[in-house]
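> no sequence on this one, just coordinates:
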């Protein structure tokens with residue numbers, strides 16, 4: 001070749017002859033598996049020493065530029081993929097002559113070299129020399145030596161077997177997650193139990209990972225990913241929602257130095273995240289462990305649903321926070337919890353002292369403090385008319401008897417009830433919000449039992465509020481959510497069968513006229529048993545209107561002939577049902593929500609009063625939430641506390657702070673005692689047939705008011721159809 005220096009040509013030729021043996025089986029490409037095909041690669045792939053790590057020349061048809069010295073490219077497993085190899089890093093020199101044409105694509109067997117050189121990783125023992133002639137010939141590409149000499153570059157052909165034709169080589173880069181996937185596959189063989197709590201939960205986790213071919217969720221390229229970091233950071237601050245971060249431990253990925261340890265860390269984080277989602281969705285403590293008078297039917301997301309959402313989430317923090325309730329009541333309590341912990345919300349100002357109520361014009365040492373509390377100007381200690389008017393306004397806003405006098409109830413309201421452990425009280429109330437539907441609905445009714453109030457919301461805004469009477473401490477109104485389906489005008493009260501048998505039949509045996517004289521109607525059921533009922537009327541224990549939301553506790557809301565009870569501040573006086581102070585207005589409000597445009601007014605509803613029952617059906621049902629809020633934020637943004645009338649706070653705190661917490665999220669069953677529920681229609685479990693004044697007023701509101709206090713008397717929808725003149729408005 002003209003212009004070629006002989007010494008460099010000979011050197012280049014020698015190197016090519018030495019290395020061209022790479023066409024043999026020694027360089028057959030290893031077949032690495034992946035999660036996609038279910039095969040496993042070796043735990044690690046040894047890399048050749050740096051001195052042999054020059055990349056293979058691109059398979060382009062154009063010759064490369066001349067370099068300082070001849071370069072022979074050795075094919076390596078990590079180079080054999082679909083990505084172009086990086087350019088060689090030798091300093092470029094001007095070419096001494098144009099590159100020669102590339103050699104033939106299919107050289108003859110005589111062109112095959114017989115020597116091979118195998119690269120080794122540091123410390124690796126040298127492979128035995130292989131000297132054999134192999135066919136078919138390897139593909140070659142030119143590379144230009146210094147001075148313009150073209151030297152064939154030998155690349156190893158794909159490994160083939162007699163049964164497998166040569167094909168495009170799969171990626172030889174070992175996926176760093178593959179060994180972890182292998183470990184997860186091994187753990188799924190009955191070993192997930194130690195992470196997920198037992199055999200019951202194992203299938204859900206196995207299904208999720210099997211669908212991913214056991215690819216880890218929290219690890220990418222063998223390292224903890226951003227998704228995991230976000231999840232671990234969030235779990236570390238769930239105390240803001242009243243949960244304990246210790247219940248959701250996070251692994252130390254940095255200490256996991258091998259696939260087995262990384263798989264272990266993967267499963268520990270998965271278990272913690274799923275546990276958190278479960279607790280945030282339906283409660284850290286299952287409601288059934290607190291009382292049998294509670295019922296919610298929320299379902300926690302399955303592990304597959306929750307983890308699938310994590311895998312697709314753009315923001316893991318937002319996703320996890322979304323499992324907590326998002327109602328305004330809960331969010332307001334969460335803010336107050338932060339204030340309590342920071343000391344910003346404390347016992348408050350110096351309480352106003354108890355004492356006789358001063359009259360207008362009288363001097364009282366408490367006046368300056370009272371003026372400050374009610375934001376009135378003045379520097380004397382005279383209880384004047386302006387101050388009395390301010391007290392009236394306060395009494396009205398706090399549902400107290402409006403008198404303008406500084407009564408004991410007014411002083412208590414001004415001071416605010418502070419529990420011994422306000423933070424704990426807020427925590428248990430936040431927990432109860434997790435039991436409830438996290439979306440209360442667009443239109444709904446919500447009752448706060450310790451506050452003895454009922455509120456109606458339309459389009460998310462409160463439109464009406466009234467006082468209620470609810471269950472006695474020994475006959476508590478249940479906590480639950482149900483759907484109001486219809487209103488009954490002129491309801492009939494049907495005596496529960498157990499009370500008929502146990503109480504009324506013995507009375508009838510002694511005096512066959514007693515029930516008639518009491519205004520009760522006696523008839524016979526188709527099965528021959530006695531049926532006793534109280535017909536509609538002004539004296540009916542249920543009043544003129546009943547609000548029906550069928551539920552297993554047999555409770556509802558209704559009118560009452562005993563209006564005087566609503567003047568009391570503490571109104572835990574019924575047998576489970578809720579008496580409504582202004583039922584006609586209540587009916588007007590809810591009917592204009594569910595049947596808008598039909599002209600339901602209080603006057604129209606009163607004109608329906610008569611001797612026959614009339615049901616007004618709801619075209620779409622209205623959620624009714626019976627809640628137990630002993631801590632809540634009022635309309636003014638102040639944190640309010642109420643008495644734990646049913647002991648629900650005490651019972652829940654005992655679980656949260658006791659050994660039962662370990663299993664507290666597992667529900668327990670309560671036997672439905674129908675006889676007991678029917679018996680609750682009798683106050684204090686007493687019989688009223690032993691005294692001569694059993695049907696007179698007797699100073700206790702009368703027999704009917706005591707007997708028919710609103711208890712668990714009858715399931716709406718299962719009531720007797722014996723009342724004459726019944727109508728249904730659909």
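Done, it's in. The structure presented is a predicted model; accordingly, all values stated were derived computationally and were not measured.
> use CA for all of it now, contacts and neighbours both
OK.
> the helix or strand that contains residue 310 - contacts with which helices or strands?
Secondary structure assigned from DSSP states H and E places residue 310 in helix 303-312. If contacts are counted by 3 or more Cα pairs under 8 Å, 6 or more residues apart in numbering; DSSP states H and E, helix 303-312 sits against helix 202-211, helix 259-282, helix 316-321.
> any buried residues in the first one, and which?
Counting neighbours by 16 or more other Cα atoms under 10 Å, one finds that the buried residues in helix 202-211 are 202-206, 208-209.
> what does the second one give?
Neighbour counts using 16+ other Cα under 10 Å place 259-260, 262-282 of helix 259-282 among the buried residues.
> the inter-axis angle of it versus helix 303-312?
Between helix 259-282 and helix 303-312, the angle comes out at 110 degrees (axes from the mean of the first three to the mean of the last three Cα atoms, to 10 degrees).
> got the angle for helix 259-282 vs helix 202-211?
Inter-element angle recorded for helix 259-282 and helix 202-211: 120 degrees (by the same axes, to 10 degrees).
> name the next helix or strand downstream of helix 259-282, please.
Past helix 259-282, the next helix or strand by DSSP H and E is strand 294-295.
> list the contacts for residue 580?
The neighbours of residue 580, taking Cα atoms under 8 Å, 6 or more residues apart in numbering as the test, are 466-469, 557-560.
> and which of those is nearest to residue 408?
Comparing the contacts of residue 580 against residue 408 with Cα to Cα places residue 467 closest, at 20.1 Å.
> once you drop chain neighbours, what's closest to that closest one?
Of all residues not flanking residue 467 in the chain, residue 453 sits nearest, at 4.6 Å (Cα to Cα, 6 or more residues apart in numbering).
> and the helices in the stretch 451-600 of the chain?
Secondary structure of the stretch 451-600 of the chain by DSSP state H, counting those that start in this stretch: the helices cover 497-499, 505-510, 514-517, 583-594.
> so which of these is nearest residue 356?
In terms of Cα to Cα, the element of the helices of the stretch 451-600 of the chain nearest to residue 356 is helix 583-594, at 36.1 Å.
> in the closest one, what counts as buried?
For helix 583-594, the neighbour count (16+ other Cα under 10 Å) marks 583-591, 593-594 as buried.
> okay, how far is it across stretch 501-518, tip to tip?
For stretch 501-518, the first-to-last residue distance is 18 Å (Cα to Cα, to the nearest Å).
> can you give me the buried ones in it?
Within stretch 501-518, the residues scored as buried using 16+ other Cα under 10 Å are 503-505, 507, 514-515.
> mean confidence for that stretch?
Per-residue pLDDT over stretch 501-518 has a mean of 82.
> could you do stretch 617-626 as well?
97.
> please apply the same query to stretch 427-436.
98.
> SS state for residue 644?
Taken by DSSP: H, G, I helix; E, B strand; the rest coil, the conformation at residue 644 corresponds to coil.
> I figured it hits residue 448, correct?
No - counting by Cα atoms under 8 Å, residue 644 does not reach residue 448; the two are 11.9 Å apart.
> and the helices and strands packed on helix 303-312 as CSV, adding distance to residue 300 and mean pLDDT?
What follows is the helices and strands packed on helix 303-312, written out as CSV (distance: least, Cα to Cα, whole Å; pLDDT from 0 to 100):
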stretch, distance to residue 300, mean pLDDT
helix 202-211, 13, 86
helix 259-282, 5, 95
helix 316-321, 13, 96
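> I'd like these laid out as a markdown table, including distance to residue 229.
Output for these, formatted as a markdown table (distance: least, Cα to Cα, whole Å):
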| stretch | distance to residue 229 |
| --- | --- |
| helix 202-211 | 20 |
| helix 259-282 | 10 |
| helix 316-321 | 9 |
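> of those, which is nearest residue 371?
Short answer: helix 316-321, nearest of the helices and strands packed on helix 303-312 by Cα to Cα, at 43.1 Å.
> by contact count, what packs against the closest one?
So helix 316-321, by 3+ Cα pairs under 8 Å, 6+ apart, packs with helix 226-235, helix 303-312.
> tell me which of the ones you listed lies nearest to residue 536.
Set against residue 536 and scored by Cα to Cα, the helices and strands packed on helix 316-321 come closest in helix 303-312, at 51.6 Å.
> got the buried residues for that closest one?
303-304, 306-307, 310.
> ok, back up a step: residue contacts, the residue nearest to residue 467?
By Cα under 8 Å, 6+ apart, residue 453 lies in contact with 447, 465-468.
> can you show me the strands along the stretch 601-730 of the chain?
For the stretch 601-730 of the chain, the strands defined by DSSP state E, counting those that start in this stretch occupy 614-627, 631-633, 639-641, 727-729.
> neighbouring strands - and their directions - for the third one?
Looking back up the chat, that one is strand 639-641. Partners of strand 639-641 in the sheet, by DSSP bridges, are strand 631-633 (antiparallel).
> on that earlier part again, so which of the buried residues of helix 303-312 comes closest to residue 351?
The closest of the buried residues of helix 303-312, once distances to residue 351 are taken by Cα to Cα, is residue 306, at 48.9 Å.
> the closest residue to that closest one other than its chain neighbours: what's it in contact with?
With sequence-adjacent residues excluded and distances taken as Cα to Cα, 6+ apart, residue 306 is closest to residue 274, at 7.0 Å. For residue 274, the contacting residues are 303, 306-307, by Cα under 8 Å, 6+ apart.
> quick check on residue 369: phi, psi?
Dihedral angles of residue 369 (phi, psi; degrees, to the nearest 10) stand at phi -70, psi -40.
> spatially nearest residue to it (excluding sequence neighbours)?
In space, and not counting its chain neighbours, residue 369 is closest to residue 352: 7.1 Å by Cα to Cα, 6+ apart.
> count residues in the vicinity of that neighbour, would you?
For residue 352, the neighbour count with other Cα atoms under 10 Å is 15.
> how about the one 4 residues further on?
Using other Cα under 10 Å, residue 356 has 11 neighbouring residues.
> what of residue 656?
Residue 656, neighbours per other Cα under 10 Å, totals 17.
> now residue 251
Using other Cα under 10 Å, residue 251 has 17 neighbouring residues.
> which SS class is it?
coil.
> correct me if wrong: it contacts residue 265.
Yes - the pair residue 251 / residue 265 is scored as a contact, 5.4 Å apart, by Cα under 8 Å.
> would residue 433 count as being in a helix?
Yes - assessed with three-state DSSP, residue 433 lies in a helix.
> re earlier: closest one of the buried residues of helix 202-211 to residue 441?
Nearest to residue 441 among the buried residues of helix 202-211, with distances taken as Cα to Cα, is residue 204, at 30.6 Å.
> I figured that closest one hits residue 303, correct?
Yes - the pair residue 204 / residue 303 is scored as a contact, 6.0 Å apart, by Cα under 8 Å.
> and stretch 448-455, end to end?
For stretch 448-455, the first-to-last residue distance is 9 Å (Cα to Cα).
> could you give the angle of the helix or strand residue 425 falls within to helix 259-282?
Assigned by DSSP H and E, residue 425 falls within helix 422-435. Angle between the axes of helix 422-435 and helix 259-282 is 90 degrees (criterion: the same axes, to 10 degrees).
> need the residues that contact helix 422-435.
241-242, 280-287, 296, 298, 324-325, 330, 333-334, 337, 340-341, 419, 628-631, 649, 652-653.
> buried residues in that helix?
For helix 422-435, the neighbour count (16+ other Cα under 10 Å) marks 422-435 as buried.
> quick check: angle from it to strand 614-627?
Comparing the axes of helix 422-435 and strand 614-627 via the same axes, to 10 degrees yields an angle of 140 degrees.
> any idea which helix or strand comes after helix 422-435?
Past helix 422-435, the next helix or strand by DSSP H and E is strand 444-448.
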